[in-house]
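1. Okay, structure incoming, though there's no sequence with it:
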């Protein structure tokens, strides 16, 4: 009886086994044909690495730098910390790793002499910190400066005064006494505290002493479409954190956006802004316009974040809008940055020329009439100075938070198309940017005060002022100066 029962079970069990095998084979076939990329099914086909430049640069990156970058990416600070302007030096270092790299690099160059300005106050403003108080020694008169320049100077001096006022009493070492030069023009001056320095190492050699400082907009910037950094940051945060799907990547406008004055170029950049307008004219992937004289087509700075791609252009030197764009969960597309602001070193670029299939087309030329790549790419990109200033190409899939494109915009359209074909990669680049600068708090009030105090401490370590005649200058307390020499 037991044998007959076993013989009855075998046909049923074999039938079930056949069903399992058939279903497995069907699932495997569907996986191969629908989910596995074409090149994975053809072992005879050579598939180029879509990011060939990353692998070589990655091996050269120090492991300590990798760890610091991972730490930057992972940290998410509560508002209570980001608004705390009274952090000690050790607390600043723990909260914002890598914050003071610009300062550390210039301090590492060693001591320098700050000479007294002999041009009747023209040039950088000279100020003194003594006993934690700010006073002014030498400055350009109101009649010698325009309204905008007076505003910039005022805002930065307010920042310095605030950093001194909020220096924590429990700090192991009080703020040092020092005499410093502050340059409120766009072009950096050495030695001084300036808004930016050249990225090209050849223009920032051992003899140069430019301390990059936070932009004046971190205090205030009275332009209707921009405003102070705090206001813009709040507006961008509200836009990027909407409860509906309107803040998601898929709902952002799938275009590259730019507004600006076309004549505002540096000598090195040539006609970069004019070329951008020509390249993007009437293109479905672009919302690029020269700013009208009456500013009727201007966008509020937060509205750039409604687009998937934000085109960034530097001006005569740096661009004050860069840090605003870095708060967006959008991909910033920019020629390689030529001017380093105080936190530009946190940008992790992927290079367009390393993206598989991205080629360059001369501005205004039809794709069909474009010359072959060998002649089209006759203008070197990246230029030798770019390879020196930005030696590391980051993996767009896992590390990059910005994309560098050709300065003549010849691969801008192809880059946008590539990012549209790889939405997960594009969204990752955008998200890492916002996670770092917003979530990591590098543009927060706390980080700003940390940076300012570090800049003054760093300057005091290497600046030599004895015997330069500063003792003969009358000191004007900052509080008095702020009422007399700030506004027109």
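-> Noted; the coordinates are in hand. From a predicted model like this one, the values you see are computed outputs, not experimental measurements.
2. which residues sit in contact with the residue lying closest to residue 233 once chain neighbours are set aside?
-> With Cβ to Cβ, 6 or more residues apart in numbering as the criterion, residue 233 has its nearest non-adjacent residue at 5.9 Å, and that residue is residue 327. Placement of C-beta: from N, CA and C, glycine included. Neighbouring residues of residue 327 by Cβ atoms under 8 Å, 6 or more residues apart in numbering: 232, 233, 236, 237, 305, 434, 437, 438, 443.
3. Out of these, who's the most crowded?
-> Counting neighbours by other Cβ atoms under 10 Å, residue 305 leads those with 26 neighbours.
4. got a list of what that one touches?
-> Shown in contact with residue 305 (Cβ under 8 Å, 6+ apart): 236, 239, 240, 327, 328, 329, 330.
5. Go ahead and confirm the first one touches residue 330.
-> No. Using Cβ atoms under 8 Å as the test, residue 236 is too far from residue 330 to be in contact (10.1 Å).
6. Surely residue 342 and residue 213 touch.
-> Yes. Counting by Cβ under 8 Å, residue 342 does reach residue 213; the two are 5.9 Å apart.
7. So what does the residue nearest to residue 233 have for phi and psi?
-> The phi/psi pair for residue 327 (degrees, to the nearest 10) reads phi -80, psi -10.
8. ok, for residue 112, nearest residue in space, not its chain neighbours?
-> residue 209 (4.9 Å).
9. got a pLDDT number for the one you found?
-> pLDDT recorded at residue 209 is 97.
10. repeat for residue 226
-> On the pLDDT scale, residue 226 gets 89.
11. Which residues are in contact with it?
-> 217, 232, 301, 320, 321, 324.
12. and the second one, that one's in a helix?
-> Going back to what we said before, that points to residue 232. Yes. The assignment for residue 232 (DSSP: H, G, I helix; E, B strand; the rest coil) places it in a helix.
13. end-to-end on stretch 109-116?
-> 21 Å (Cα to Cα, to the nearest Å).
14. what do you get for stretch 387-405?
-> 13 Å.
15. What lies in contact with that stretch?
-> Taking Cβ under 8 Å, 6+ apart as the rule, stretch 387-405 contacts 51, 53-54, 57-58, 60-61, 69, 199-202, 331-338, 347-352, 354-355, 382, 386, 411-412, 415, 419, 425, 428-429, 432-433, 436.
16. pLDDT (mean, whole number) over that stretch?
-> Here the average pLDDT along stretch 387-405 is 98.
17. Show me how far it is from its chain's centre.
-> Computed by Cα atoms, centre = their mean, to the nearest Å, the chain-centroid distance of stretch 387-405 equals 11 Å.
18. What of stretch 78-95?
-> Between the centre of stretch 78-95 and the centre of its chain there are 21 Å (Cα atoms, centre = their mean).
19. Give me the buried positions along it.
-> Using 16 or more other Cβ atoms under 10 Å as the test for burial, stretch 78-95 gives 82, 84, 85, 87, 88, 89, 91, 92, 95.
20. In JSON lines: the contacts of residue 305, plus pLDDT and distance to residue 117.
-> Output for these, formatted as JSON lines (pLDDT from 0 to 100; distance: Cβ to Cβ, whole Å):
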{"residue": "236", "pLDDT": "97", "distance to residue 117": "39"}
{"residue": "239", "pLDDT": "94", "distance to residue 117": "45"}
{"residue": "240", "pLDDT": "94", "distance to residue 117": "45"}
{"residue": "327", "pLDDT": "97", "distance to residue 117": "37"}
{"residue": "328", "pLDDT": "97", "distance to residue 117": "40"}
{"residue": "329", "pLDDT": "97", "distance to residue 117": "44"}
{"residue": "330", "pLDDT": "98", "distance to residue 117": "43"}
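21. Tell me which entries of those lie within helices.
-> Here DSSP state H is the test, and those give 236, 239, 240 as lying in helices.
22. could you dump the residues you listed to TSV with distance to residue 176?
-> As requested, those are exported to TSV (distance: Cβ to Cβ, whole Å):
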residue	distance to residue 176
236	36
239	42
240	40
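23. Name the residues that touch stretch 445-452?
-> Under Cβ under 8 Å, 6+ apart, the answer for stretch 445-452 is 81-87, 89, 92, 95-96, 99-100, 103, 159-160, 162-163, 166, 213-214, 218, 230, 342, 441.
24. who does residue 287 bridge with?
-> For residue 287, the beta-bridge partners under DSSP bridges are residue 257.
25. Just give me the neighbour total for it.
-> Other residues lying near residue 287 total 19 when counted by other Cβ under 10 Å.
26. Touching, it and residue 306? I think so.
-> No. Contact criterion Cβ under 8 Å: residue 287 and residue 306 do not qualify, at 10.0 Å.
27. okay, and the common contacts of the two?
-> Common contacts of residue 287 and residue 306 (Cβ under 8 Å, 6+ apart): residue 253.
28. All the helices of the stretch 101-250 of the chain, in order from the start?
-> Along the stretch 101-250 of the chain, the segments classed as helices by DSSP state H, counting those that start in this stretch run 101-107, 147-165, 229-240.
29. and those helices as CSV, adding distance to residue 405?
-> Shown next, in CSV, are the helices of the stretch 101-250 of the chain (distance: least, Cβ to Cβ, whole Å):
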stretch, distance to residue 405
helix 101-107, 25
helix 147-165, 30
helix 229-240, 23
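30. Residue 270: which of these is closest?
-> Evaluated over these, closeness to residue 270 peaks at helix 147-165, with 25.1 Å, by Cβ to Cβ.
31. Can you classify residue 387 by secondary structure?
-> Going by three-state DSSP: residue 387 is helix.
32. So that it lines up with my notes, have the first residue be 684 from now on.
-> Sure, I'll start numbering at 684, so the last one becomes residue 1070.
33. Could you check how far it is from residue 883?
-> Residue 1070 is 11 Å from residue 883, where distance means Cβ to Cβ, to the nearest Å.
34. what about the two, which has more around it?
-> Neighbours around residue 1070 and residue 883, counted as other Cβ under 10 Å, are more numerous at residue 883. The numbers are 19 against 14.
35. what's near enough to touch the residue lying closest to the more buried one once chain neighbours are set aside?
-> Computed as Cβ to Cβ, 6+ apart, the closest residue to residue 883 that is not its neighbour in sequence is residue 1068, at 4.3 Å. Going by Cβ under 8 Å, 6+ apart, residue 1068 touches 882, 883, 884, 885.
36. repeat for residue 948
-> Residues counted as contacts of residue 948 (Cβ under 8 Å, 6+ apart) are 954, 955, 956, 957, 998, 999.
37. where exactly do the strands run in the stretch 934-1083 of the chain?
-> For the stretch 934-1083 of the chain, applying DSSP state E, counting those that start in this stretch gives strands covering 936-943, 969-973, 990-994, 1014-1017, 1022-1023, 1032-1034.
38. so what does the longest one touch, helix or strand wise?
-> The helices and strands touching strand 936-943, judged by 3 or more Cβ pairs under 8 Å, 6 or more residues apart in numbering; DSSP states H and E, are helix 955-963, strand 969-973, strand 990-994, helix 1095-1104.
39. Check which element follows the longest one along the chain.
-> Following helix 1095-1104 in sequence order, the next helix or strand is helix 1106-1117 (DSSP states H and E).
40. Mind listing residues that contact that following helix?
-> Against helix 1106-1117 from outside (Cβ under 8 Å, 6+ apart): 756, 923, 932-933, 991, 1009-1015, 1031, 1033, 1079-1086, 1102-1103.
41. Name the residues of that helix that are buried.
-> 1108, 1109, 1110, 1111, 1112, 1113, 1114, 1115, 1116, 1117.
42. roughly how far is it from the heart of the chain?
-> 14 Å.
43. Could you do stretch 987-999 as well?
-> How far stretch 987-999 lies from its chain's middle: 11 Å, per Cα atoms, centre = their mean.
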